[in-house]
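Visitor: Sequence and computational prediction follow.
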Amino acid sequence: MNKPTLVIMAAGMGSRYGGLKQIDPVGPNGEIIIDYSIYDAVKAGFGKVVFIIRKDTEQIFREKIGNKIEKFVEVTYVFQDVKDVPDGIEIPADRLKPWGTAHAILSCKNEVTTPFAVINADDFYGASSFKVLADFLTGANDGNGIYQYCMVGFVVENTLTENGHVARGICTVDDFGNLVEIHERTRIEKFGSETKYSEDGENWVLIPKGSIVSMNTWGFTQSFFKEIEEGFPKFFEENRNNLGKAEYFLPEVVGKLVKEKKATVKVLPTDEHWYGVTYIEDKLVVKKAIGEMIDRGVYPNIIWEDSL
């Protein structure tokens with residue numbers, strides 16, 4: 001059976017962070033967050049890595065990560081380009097940036113031939129997250145007209161930063177462990193032992209402890225490419241008055257398929273703690289956490305030195 005593919009979204013610059021945070025070292029020998037994600041993924045059973053990047057960052061990604069891992073796993077690069085849209089769609093002259101995360105996934109359809117997982121380049125998810133993804137995707141098989149997808153579900157309090165707000169998808173899960181709906185909350189913060197979100201920065205709503213959130217850690221069969229592509233014209237039609245800024249988001253495509261009962265999304269629970277560099281102050285937290293995991297033997301001191 002073919003091993004699943006890991007798709008890494010790495011086309012964006014870190015606007016709040018102030019640079020290309022995806023390649024900022026956090027390990028003792030210059031390792032970056034992606035190093036640890038790929039290491040965990042290969043150990044879990046993934047057989048290929050596809051980087052979604054911009055053309056102008058290809059050389060630095062090859063130098064910082066691609067060249068190191070090519071002897072352990074197959075690596076390819078695809079480029080998210082604003083002009084890469086289905087036939088018949090006219091791109092506005094003032095549109096400069098690509099069309100969001102669903103568009104990013106569509107850009108790699110010719111490089112993915114197996115069930116695949118999707119992650120962000122600048123988030124640390126933990127080894128067990130990749131294990132549950134690999135286990136699910138190895139047996140994923142669309143049947144009876146229903147797509148079989150999955151999502152790693154994190155506990156909200158394990159995904160926060162002390163240095164500001166974060167964006168998370170708050171999930172509703174049914175009694176069978178399937179995703180019912182997901183609501184994107186773009187401003188979530190810690191308030192002592194509580195977690196709250198706000199739509200306006202003034203009025204805050206409590207998020208119950210233990211709530212499941214999405215960290216953009218998904219698993220799909222290849223059917224997802226078809227659904228993204230077929231949904232693109234409708235996205236353009238619905239946003240025809242805002243095509244300079246509108247974005248085609250992956251969770252919205254998933255939510256629509258669930259609502260239409262075309263797909264089930266199994267929520268794979270994890271107790272892993274998320275680490276990321278949303279803000280520059282987060283880097284010290286990530287480095288400390290990585291160091292502690294090395295001390296506990298979770299990772300070797302130099303992760304690409306020997307064969308896995």
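Guide: Here it is on my side, so go on.
Visitor: Summarise which helices and strands the one helix or strand in the chain whose mean pLDDT sits lowest is packed against.
Guide: Here the helix or strand of the chain ranked lowest by mean pLDDT, DSSP states H and E is helix 58-61, holding a mean of 84. Packing contacts for helix 58-61, counted by 3 or more Cβ pairs under 8 Å, 6 or more residues apart in numbering; DSSP states H and E, involve strand 74-79. Placement of C-beta: from N, CA and C, glycine included.
Visitor: what pLDDT, on average, does the helix or strand just after the strand it packs on get?
Guide: Proceeding N to C from strand 74-79, the next assigned helix or strand is helix 101-106, under DSSP states H and E. For helix 101-106, the mean pLDDT works out to 92.
Visitor: Just the residues contacting the helix or strand following helix 101-106, thanks.
Guide: Per DSSP H and E, the first helix or strand lying C-terminal to helix 101-106 is strand 116-120. Residues from elsewhere that reach strand 116-120 (Cβ atoms under 8 Å, 6 or more residues apart in numbering): 4-10, 37, 41, 46, 50, 105, 125, 130, 133-134, 137, 215-220, 222, 250, 276.
Visitor: Now Thr195. Nearest residue, chain neighbours left out?
Guide: With Cβ to Cβ, 6 or more residues apart in numbering as the criterion, Thr195 has its nearest non-adjacent residue at 4.6 Å, and that residue is Ile207.
Visitor: Thought Glu189 was touching that neighbour, still the case?
Guide: No: counting by Cβ atoms under 8 Å, Ile207 stays clear of Glu189, with 10.0 Å between them.
Visitor: residues shared between the contacts of these two?
Guide: By Cβ under 8 Å, 6+ apart, the residues touching both Ile207 and Glu189 are Thr195, Lys196, Tyr197.
Visitor: ok, which stretches of the stretch 101-250 of the chain are helices?
Guide: In the stretch 101-250 of the chain, the helices defined using DSSP state H, counting those that start in this stretch lie at 101-106, 127-138, 223-238, 250-259.
Visitor: Quick one: list the elements packing against the third one.
Guide: If contacts are counted by 3+ Cβ pairs under 8 Å, 6+ apart, helix 223-238 sits against helix 101-106, strand 147-155, helix 250-259.
Visitor: With only the CA atoms kept, save that helix in PDB.
Guide: What follows is helix 223-238, C-alpha atoms only, in PDB (Å, rounded to 0.1, in the frame of the first residue of the first chain):
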ATOM      1  CA  SER A 223     -11.200  13.600  -4.000                       C
ATOM      2  CA  PHE A 224     -10.600  16.800  -2.100                       C
ATOM      3  CA  PHE A 225      -8.800  18.300  -5.200                       C
ATOM      4  CA  LYS A 226     -11.900  17.800  -7.300                       C
ATOM      5  CA  GLU A 227     -14.100  19.500  -4.700                       C
ATOM      6  CA  ILE A 228     -11.800  22.500  -4.400                       C
ATOM      7  CA  GLU A 229     -11.600  23.000  -8.100                       C
ATOM      8  CA  GLU A 230     -15.300  22.600  -8.700                       C
ATOM      9  CA  GLY A 231     -16.000  25.100  -5.900                       C
ATOM     10  CA  PHE A 232     -13.700  27.800  -7.200                       C
ATOM     11  CA  PRO A 233     -16.100  29.400  -9.700                       C
ATOM     12  CA  LYS A 234     -18.800  29.700  -6.900                       C
ATOM     13  CA  PHE A 235     -16.200  31.300  -4.600                       C
ATOM     14  CA  PHE A 236     -15.500  33.900  -7.300                       C
ATOM     15  CA  GLU A 237     -19.200  34.500  -7.900                       C
ATOM     16  CA  GLU A 238     -19.900  34.900  -4.100                       C
END
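Visitor: Report the inter-axis angle for it versus strand 116-120.
Guide: 50 degrees (axes from the mean of the first three to the mean of the last three Cα atoms, to 10 degrees).
Visitor: angle of helix 223-238 against helix 250-259?
Guide: Using the same axes, to 10 degrees: helix 223-238 against helix 250-259 is 100 degrees.
Visitor: show me what contacts the residue nearest to Thr195?
Guide: Val156, Ile170, Arg185, Ile188, Thr195, Lys196, Tyr197.
Visitor: before we move on, back to that, give me the buried positions along the least confident helix or strand of the chain.
Guide: Buried positions in helix 58-61, judged by neighbour count with 16 or more other Cβ atoms under 10 Å: Phe61.
Visitor: Dump the helices of the stretch 101-250 of the chain into CSV; add distance to Glu281 as well.
Guide: Shown next, in CSV, are the helices of the stretch 101-250 of the chain (distance: least, Cβ to Cβ, whole Å):
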stretch, distance to Glu281
helix 101-106, 25
helix 127-138, 24
helix 223-238, 35
helix 250-259, 27
